[in-house]
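> My questions are about this predicted structure, shown below with the sequence.
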Amino acid sequence: MKKLLILFLSLTTILVSSCDNDFEDLNVDPTASTDLGLNPKFAYLFLKSATEEYELSYTQILCAGQLAQQVVDQQFPQSSIYTLREDLQAAWWSTQYQTTIKSVVDIIAQLESEGNTGTEMGIARIWKVFLFHVLADQYGDTPYFDAGEGFLTGNVRPAYDDDQAIYMDMLAELEEGVAQIGGSSTLGGSDLVFNGDTNKWSKFGNSLMLRLAMRIKNVDPSSSTAWAQKAITGGTMSSNDDTAYMTHTDGPTDLNRNSWGTYAPRYANARIGATLYDWLAANNDPRLNILADPSGPAAGNRYGLENDQLLAIYGETPDSYAVVNPAITQLDSPWVFLSYAQTALLEAEFAAAAGDHSTAESKYNSAVAAHMQIWGSHYDSSLAVDDAAVSAYLSANPYDASQGEQMIGEQYWAASFFDFFEAFSNFRRSGYPELVPFGGHAPHPSNTTNGQIPRRLSYPSSEGAVNADNYQAVLQAQGPNDQVTRVWWDVN
């Protein structure tokens with residue numbers, strides 16, 4: 001396991017706590033310092049990319065996690081009943097543009113000024129894509145080409161770039177970034193993801209390329225196929241050892257801690273969603289007692305209802321449902337950015353689409369085993385699932401070529417627990433699992449989506465004031481700033 005550096009004395013000047021959404025503030029560089037080397041900047045970037053409780057809880061859990069029906073919190077039911085609470089949806093946007101985006105842009109600018117075109121530049125370019133693909137997937141058209149450069153160019157009101165153009169550039173950035181990865185790195189212990197293993201960085205870049213390639217499968221199939229094949233040929237993750245993750249420590253501040261670990265005791269009503277719980281239970285899946293607390297109630301939280309409805313219809317309260325297993329939500333639990341299981345499932349889908357179901361089955365089986373076993377190897381040894389249990393599950397739930405797309409999509413959803421943005425994105429792209437609005441309950445009378453499952457997150461309304469011309473332009477290009485306007489690749 002990689003050991004986190006205790007960086008806070010040296011990083012005091014770069015930590016940003018402001019929540020002001022003005023672009024003037026969003027483009028003040030939080031890390032630029034003539035006296036600050038690249039290594040602490042990279043370390044801060046990785047730490048912040050693993051999120052703190054604010055942006056994780058508000059947007060990834062309470063928005064994406066509920067939209068993907070994996071977690072439900074009746075204290076904040078807005079995303080499960082399809083209403084809009086803007087501060088929840090805006091938290092990720094504002095935090096990323098205030099911190100990680102500016103940080104990675106600053107790192108790239110410093111590398112350019114130092115003439116560094118090698119491994120460190122490759123890592124920075126790959127990580128920039130990782131950050132931006134989440135923003136583009138959740139919000140659609142977004143400031144990209146000029147974002148985070150206010151401190152360099154003076155442009156504090158960047159235009160919203162077209163999602164398709166962003167995707168094409170991100171794929172090219174990944175190809176060029178991977179090509180820059182050499183045999184060694186100068187980051188040392190500041191590489192909190194792969195601890196200097198450049199081979200794993202190359203695999204990560206290619207695996208992210210595969211993710212992006214498959215995301216555009218339904219809107220640009222020829223480009224999707226070409227980029228996916230390029231990623232696989234270049235070398236993607238091959239086991240859980242390649243998974244991109246970061247080990248946390250309990251302190252000295254929340255930036256070092258696992259964000260769900262800080263979230264869980266503050267929000268007692270957050271429970272495993274019934275959609276996920278019931279799917280795991282129906283398949284006799286050993287992950288049920290890994291993801292859900294086995295010592296709690298044997299039920300998942302009902303979706304699409306507020307507290308008064310729970311009580312009136314079922315006589316239940318949130319205490320009737322299982323919480324997320326405390327064994328995987330410790331303050332020092334790791335944070336996974338992109339996993340081998342996710343990668344192998346995309347390779348399975350790619351093979352199945354080409355009619356190669358032998359490869360699809362092999363990749364599918366490997367992915368399922370990897371996700372079942374990562375909890376014991378990376379989180380807590382008490383959660384180990386042995387090979388016999390994996391084999392029994394796969395024997396009882398064998399890959400079926402006629403149902404391959406659905407099976408792969410459902411397993412990808414399960415393998416993206418905690419990575420709720422990815423679970424929500426792949427559901428929108430693939431259509432799996434076949435989520436039912438409001439969990440099958442009657443549409444909530446306050447819903448703002450005409451009963452539809454939301455398709456994106458909304459921009460902060462403050463954008464209409466602080467970046468008015470560009471905000472109006474994006475509404476004309478993409479559509480209304482609501483939850484039913486679809487991002488470019490979402491045509492399923």
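Okay, I see it.
> I'd like to know the phi and psi angles of residue 76, please.
Backbone dihedrals for residue 76, given as degrees, to the nearest 10, come out at phi -130, psi 70.
> That one touches residue 62, doesn't it?
Yes - if you go by C-beta atoms under 8 Å, residue 76 and residue 62 touch, sitting 4.7 Å apart. Placement of C-beta: from N, CA and C, glycine included.
> what residues are shared contacts of these two?
Both residue 76 and residue 62 are in contact with residue 88, where contact means C-beta atoms under 8 Å, 6 or more residues apart in numbering.
> The two - which one has more neighbours?
The neighbour comparison of residue 76 against residue 62 (other C-beta atoms under 10 Å) goes to residue 62, with 28 against 19.
> Need the per-residue pLDDT for the more buried one.
With respect to pLDDT, residue 62 scores 97.
> ok, it - contacts?
Counted by C-beta under 8 Å, 6+ apart, residue 62 has contacts 73, 76, 78-79, 88.
> Restricted to strands, list these.
Among these, the ones falling in strands (DSSP state E) are residue 73.
> Using a markdown table, lay out the contacts of residue 62 together with pLDDT and distance to residue 102.
Formatted as a markdown table, the contacts of residue 62 follow (pLDDT from 0 to 100; distance: C-beta to C-beta, whole Å):
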| residue | pLDDT | distance to residue 102 |
| --- | --- | --- |
| 73 | 95 | 30 |
| 76 | 96 | 28 |
| 78 | 97 | 29 |
| 79 | 97 | 28 |
| 88 | 97 | 23 |
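> who wins for neighbours among the contacts of residue 62?
residue 79 leads the contacts of residue 62 on contacts (other C-beta under 10 Å) with 27 neighbours.
> What backbone torsions are found at that one?
The phi/psi pair for residue 79 (degrees, to the nearest 10) reads phi -80, psi -20.
> Can you get me a residue count around residue 295?
Residues near residue 295, counting by other C-beta under 10 Å: 10.
> show me where pLDDT drops low in this protein?
In the predicted model, the chain carries pLDDT under 70 at residues 1-35.
> Could you pull out the strands in it for me?
71-73, 244-246, 270-272, 335-338.
> Would you mind saying which of those strands lies nearest residue 389?
strand 270-272 (20.4 Å; C-beta to C-beta).
> Now tell me what touches the closest one from outside.
Contacts for strand 270-272 (C-beta under 8 Å, 6+ apart): 61, 70-73, 75, 263-264, 291-292, 300-301, 318, 321-324.
> Out of these, which sit inside helices?
Mapping the contacts of strand 270-272 onto helices (DSSP state H) picks out 263, 291.
> Could you pick out the buried ones from the contacts of strand 270-272?
By neighbour count, with 16 or more other C-beta atoms under 10 Å, the contacts of strand 270-272 hold 61, 70-73, 263-264, 291-292, 300-301, 318, 321-324 as buried.
> how about those, which pair is most distant?
Across those, the longest distance by C-beta to C-beta is 18.5 Å; it joins 263 and 300.
> Please write out the alpha-carbon positions of stretch 133-146 in PDB.
Output in PDB follows, covering the C-alpha atoms of stretch 133-146 (Å, rounded to 0.1, in the frame of the first residue of the first chain):
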ATOM      1  CA  HIS A 133     -14.200  13.800 -18.500                       C
ATOM      2  CA  VAL A 134     -16.200  13.800 -15.300                       C
ATOM      3  CA  LEU A 135     -17.300  17.400 -15.800                       C
ATOM      4  CA  ALA A 136     -18.200  16.900 -19.400                       C
ATOM      5  CA  ASP A 137     -20.100  13.700 -18.700                       C
ATOM      6  CA  GLN A 138     -22.100  15.200 -15.800                       C
ATOM      7  CA  TYR A 139     -22.800  18.700 -17.200                       C
ATOM      8  CA  GLY A 140     -22.200  18.500 -21.000                       C
ATOM      9  CA  ASP A 141     -20.700  21.500 -22.800                       C
ATOM     10  CA  THR A 142     -18.200  23.000 -20.300                       C
ATOM     11  CA  PRO A 143     -15.300  25.400 -20.200                       C
ATOM     12  CA  TYR A 144     -12.300  23.300 -21.400                       C
ATOM     13  CA  PHE A 145      -9.800  24.700 -23.800                       C
ATOM     14  CA  ASP A 146      -9.400  28.000 -21.800                       C
END
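> ok, residues contacting it?
Contacts for stretch 133-146 (C-beta under 8 Å, 6+ apart): 59, 64, 92-93, 96-97, 132, 153, 155, 158-163, 165-167, 169-170, 208, 211-212, 215, 421, 424-425, 456-459, 470, 474, 477-478, 485-488.
> So what's the gap between it and the chain middle?
14 Å (C-alpha atoms, centre = their mean, to the nearest Å).
> For it, which residues meet the burial criterion?
Neighbour counts over stretch 133-146 (16+ other C-beta under 10 Å) mark 133-144, 146 as buried.
> May I have stretch 91-110 as CSV, with CA atoms only?
Written as CSV, here are the backbone C-alpha positions of stretch 91-110 (Å, rounded to 0.1, in the frame of the first residue of the first chain):
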residue,chain,number,x,y,z
ALA,A,91,-20.7,21.7,-5.6
TRP,A,92,-18.7,19.5,-7.9
TRP,A,93,-18.6,22.1,-10.6
SER,A,94,-17.4,24.9,-8.4
THR,A,95,-14.9,22.8,-6.4
GLN,A,96,-13.3,21.3,-9.6
TYR,A,97,-12.9,24.7,-11.3
GLN,A,98,-11.6,26.3,-8.1
THR,A,99,-9.0,23.6,-7.2
THR,A,100,-8.1,20.6,-9.3
ILE,A,101,-8.6,22.2,-12.8
LYS,A,102,-6.5,25.2,-11.9
SER,A,103,-3.9,23.0,-10.2
VAL,A,104,-3.4,20.7,-13.2
VAL,A,105,-3.3,23.7,-15.6
ASP,A,106,-0.7,25.3,-13.4
ILE,A,107,1.4,22.1,-13.3
ILE,A,108,1.3,21.8,-17.1
ALA,A,109,2.3,25.5,-17.4
GLN,A,110,5.3,24.9,-15.1
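> Name the residues of it that are buried.
Buried residues in stretch 91-110 (16+ other C-beta under 10 Å): 91-110.
> can I assume residue 157 is in contact with residue 470?
Yes - when contacts are counted by C-beta under 8 Å, residue 157 is listed as touching residue 470 (6.1 Å).
> dump the residue contacts of residue 346.
210-211, 214, 228, 412.
> Ignore what I typed, I meant residue 429.
Per C-beta under 8 Å, 6+ apart, neighbours of residue 429: 214-215, 217-218, 489-490, 492.
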